[in-house]
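**Q** What follows is a predicted protein model with its sequence.
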2 protein chains.
Amino acid sequence: MNVLLVYSHPEPRSLNGAMRDFAVERLRQAGHTVQVSDLYAMQWKATLDAADNLDHRAGERFDPSLDSRHAFEHGRQSEDIAAEQRKLLWADAVILQFPLWWFSMPAILKGWVERVYAYGFAYGVGEHSDARWGDRYGEGTLAGKRAMLIVTAGGWQSHYSPRGINGPIDDILFPIQHGILHYPGFDVLPPYVVYRTGRVEAGRFALIRDELGQRLDRLDTTPPIPFRRQNGGDYAIPQLTLRDDLAPGLTGFGVHLAPAPPQQAIESRSLQAVG
Amino acid sequence: MNVLLVYSHPEPRSLNGAMRDFAVERLRQAGHTVQVSDLYAMQWKATLDAADNLDHRAGERFDPSLDSRHAFEHGRQSEDIAAEQRKLLWADAVILQFPLWWFSMPAILKGWVERVYAYGFAYGVGEHSDARWGDRYGEGTLAGKRAMLIVTAGGWQSHYSPRGINGPIDDILFPIQHGILHYPGFDVLPPYVVYRTGRVEAGRFALIRDELGQRLDRLDTTPPIPFRRQNGGDYAIPQLTLRDDLAPGLTGFGVHLAPAPPQQAIESRSLQAVG
């Protein structure tokens, strides 16, 4: 596979740097081709602004969406943006690796998303009408590709557990995994999260390498998180609320995961097929 | 009151710009003193890096936390960071105003948080031991101050409803309201959110001004979101999980809100007090 690793940590001699180096080597040894976007090393411009549209004229009103649309359609995007889009189109799998800072990705990576995810590339794709709300949440430019987060957190795992004070890690990552990755079409694999990163001695790092290595070895076979598809019939359009008969009475991020089919239903279908 | 408005939109001639101008005028007319940090106009440096610690020497290993701690303790922070910290200390209320980009704040504002929220200022405050996990989540440097989000979103309100495809707006904003604002001590007021911002004609803008104006008029009296305090007895320390007898059997962001006291319990306490 072609694998793009988008990496954002300011210090190569860090746990993140060591994990990045390990990941790249492991993937290459497995026969994958790897590109790394090392955002700090690239001095990636974090701030989306009018300069991202090469046709924008000084003094004109800047509209983040419309300027992005124009620049993307007419090949007038800042070259750093276009280069990252080419990498995304090239990749079969994309890994975002970052330290969790204030319960989200670092600003430099958020700015990568905002600038590279152009109108017409990552949003504003497909028919938008009262009957169809675009190709998104499981469809879109990046459909068929896999994505995965590698995240480090200073806090303890229990702080991010279902009743932990920071909130459950799956919910903290939902706006990224669902809103940033599933949205333009990615199949999103479960994240690899390392906790309590303040002190990682050699023995623990060996364990981390083992775990991470196994996750990377299964990059092309791990079942993705079963986020529902927007246009698969589960949502009313255009209000985009989950159908009343699905996850009835429930609310929150969790309802956007399709449940595993109940064993009984599978069995009865098998019986019907046999019958 | 002293009010700090931290504003991040690239175009003053936008809905956000108009709302910002309205908010500043409304607050001043009500007798408040207002400072605005207009991050785009200030060309705020979004990326946290070694240059933020004036004592950092080229070639030395950079540690985001330890360098921040050193710079804060020794008065060796980049001056733009120190200036924002002074504004936060000056303010009685802080408003973060931004467009929701990819289900979070713009990178430039995230970078404001990452750089201004220094170790010793917004985290790493107070005793850290197995018995006490710092002054945070309701305590800390910014305790006693109020904070509120003003957010614009392109999508429809139903898309952000309890069963909407984007996830409930309260959950999308939890990492900000709880993780960024409640964490260093703020009392967090309910957000003011405007949806479907693609087309806002004059009539609708008049409604928005009315709603926003009323929210600003009640800035000092609106009851905050009842996030639980870390050190108020609701959490086990150091694992920081919610006590089993609180919100029993429930999980997710919602358990970190204290329920309104049941009416019956209040009445029985009153009777006891009378008795």
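**A** All right, it came through fine.
**Q** Output the contacting helices and strands for the strand or helix carrying A:Val113.
**A** Taking DSSP states H and E as the definition, A:Val113 sits inside helix A:107-116. The elements that helix A:107-116 packs onto, with contact taken as 3 or more Cβ pairs under 8 Å, 6 or more residues apart in numbering or on different chains; DSSP states H and E, are helix A:79-90, helix B:107-116. Every residue, glycine included, has its C-beta placed from N, CA and C.
**Q** Show residues contacting the very next helix or strand once past the longest one.
**A** Using DSSP H and E, the helix or strand that directly follows helix A:79-90 along the chain is strand A:93-99. Under the contact criterion Cβ atoms under 8 Å, 6 or more residues apart in numbering or on different chains, strand A:93-99 has outside partners A:1-9, A:16, A:19-20, A:23, A:88, A:105-106, A:109, A:142, A:145-153, A:176, A:181, A:186, A:197, A:219-220, B:64.
**Q** out of those residues, which are buried?
**A** In terms of neighbour count (16 or more other Cβ atoms under 10 Å in any protein chain shown), the buried residues within the contacts of strand A:93-99 are A:3-9, A:16, A:19-20, A:23, A:88, A:105-106, A:109, A:142, A:145-153, A:176, A:181, A:186, A:197, A:219, B:64.
**Q** Out of those, which sit inside strands?
**A** Restricting the buried ones among the contacts of strand A:93-99 to those inside strands, with DSSP state E as the criterion, leaves A:Val3, A:Leu4, A:Leu5, A:Val6, A:Tyr7, A:Arg146, A:Ala147, A:Met148, A:Leu149, A:Ile150, A:Val151, A:Thr152.
**Q** Now do the residue nearest the centre of chain A against A:Thr222, distance only.
**A** Most central in chain A under Cα atoms, centre = their mean is A:Leu181, positioned 3.2 Å from the mean C-alpha point. Taken as Cβ to Cβ, to the nearest Å, the spacing of A:Leu181 relative to A:Thr222 amounts to 14 Å.
**Q** cool, A:Leu54 as well?
**A** A:Leu54 sits 40 Å away from A:Thr222, taking Cβ to Cβ as the criterion.
**Q** Settle it for me: which of those two has more neighbours?
**A** Neighbours per residue, other Cβ atoms under 10 Å in any protein chain shown: of A:Leu54 and A:Thr222, the larger number sits with A:Thr222, 16 against 13.
**Q** That one contacts A:Pro190, doesn't it?
**A** Yes: with contacts defined as Cβ atoms under 8 Å, A:Thr222 counts as touching A:Pro190 at a distance of 7.1 Å.
**Q** that older thread, may I ask which two of the ones in strands among the buried ones among the contacts of strand A:93-99 are separated the most?
**A** The distance between the two most remote of these (Cβ to Cβ) is 20.9 Å, for A:Arg146 and A:Thr152.
**Q** Show me what the nearest residue to A:Ser37 once chain neighbours are set aside bridges to in the sheet.
**A** Leaving aside its sequence neighbours, A:Ser37 sits nearest to A:Val6 (Cβ to Cβ, 6 or more residues apart in numbering or on different chains; 4.7 Å). In this structure, A:Val6 has beta-bridge partners A:Ser37, A:Leu96, where bridges are defined by DSSP bridges.
**Q** give me every residue that touches A:Val6.
**A** With Cβ under 8 Å, 6+ apart, A:Val6 has these contacts: A:Val36, A:Ser37, A:Leu39, A:Val94, A:Ile95, A:Leu96, A:Gln97, A:Leu109, A:Trp112.
**Q** Could you report the neighbour count for the fifth one?
**A** Look at A:Ile95: counted by other Cβ under 10 Å, it has 26 neighbours.
**Q** measure it to A:Tyr195 for me?
**A** Separation of A:Ile95 from A:Tyr195 (Cβ to Cβ): 19 Å.
**Q** What of the last one?
**A** Note on A:Trp112: its distance to A:Tyr195, by Cβ to Cβ, is 25 Å.
**Q** Of those two, which one has the most company?
**A** More neighbours surround A:Trp112 than the other of A:Trp112 and A:Tyr195, with 25 against 17 (other Cβ under 10 Å).
**Q** quick one: low-confidence ranges for the stretch 151-275 of chain A?
**A** When residues are selected by pLDDT under 70, those of the stretch 151-275 of chain A lie in A:261-275.
**Q** ok, which stretches of it are helices?
**A** A:169-176, A:202-217, A:263-274 (DSSP state H, counting those that start in this stretch).
**Q** From the contact counts, what lies against the shortest one?
**A** Helix A:169-176 is packed against strand A:146-152, helix B:169-176, with contacts defined by 3+ Cβ pairs under 8 Å, 6+ apart.
**Q** Run through the residues that contact A:Tyr235.
**A** By Cβ under 8 Å, 6+ apart, the neighbours of A:Tyr235 are A:Arg228, A:Thr241, A:Leu242, A:Arg243, B:Ile165.
**Q** Drop the exposed ones from the residues you listed and show what's left.
**A** Among the contacts of A:Tyr235, those scoring as buried are A:Arg228, A:Thr241, A:Leu242, B:Ile165 (criterion: 16+ other Cβ under 10 Å).
**Q** list the contacts for A:Ser158?
**A** With contact set as Cβ under 8 Å, 6+ apart, A:Ser158 has these partners: A:Gly164, B:Gln239, B:Leu240, B:Thr241.
**Q** tell me the phi and psi of the third one?
**A** Main-chain torsions, B:Leu240, degrees, to the nearest 10: phi 60, psi 40.
**Q** ok, and the closest non-adjacent residue to it?
**A** In space, and not counting its chain neighbours, B:Leu240 is closest to A:Ile165: 4.3 Å by Cβ to Cβ, 6+ apart.
**Q** how deep is A:Asp130 tucked in, by neighbour count?
**A** 7.
**Q** I figured it hits A:Leu240, correct?
**A** No: taking contact to mean Cβ under 8 Å, the distance of 11.5 Å between A:Asp130 and A:Leu240 leaves them out of contact.
**Q** how near is A:Ala23 to B:Thr152?
**A** Counting by Cβ to Cβ, the gap between A:Ala23 and B:Thr152 amounts to 38 Å.
**Q** residues contacting the residue nearest to B:Leu240?
**A** Contact partners of A:Ile165, counting by Cβ under 8 Å, 6+ apart, are A:His159, B:Tyr137, B:Gln230, B:Tyr235, B:Leu240, B:Thr241, B:Leu242, B:His256.
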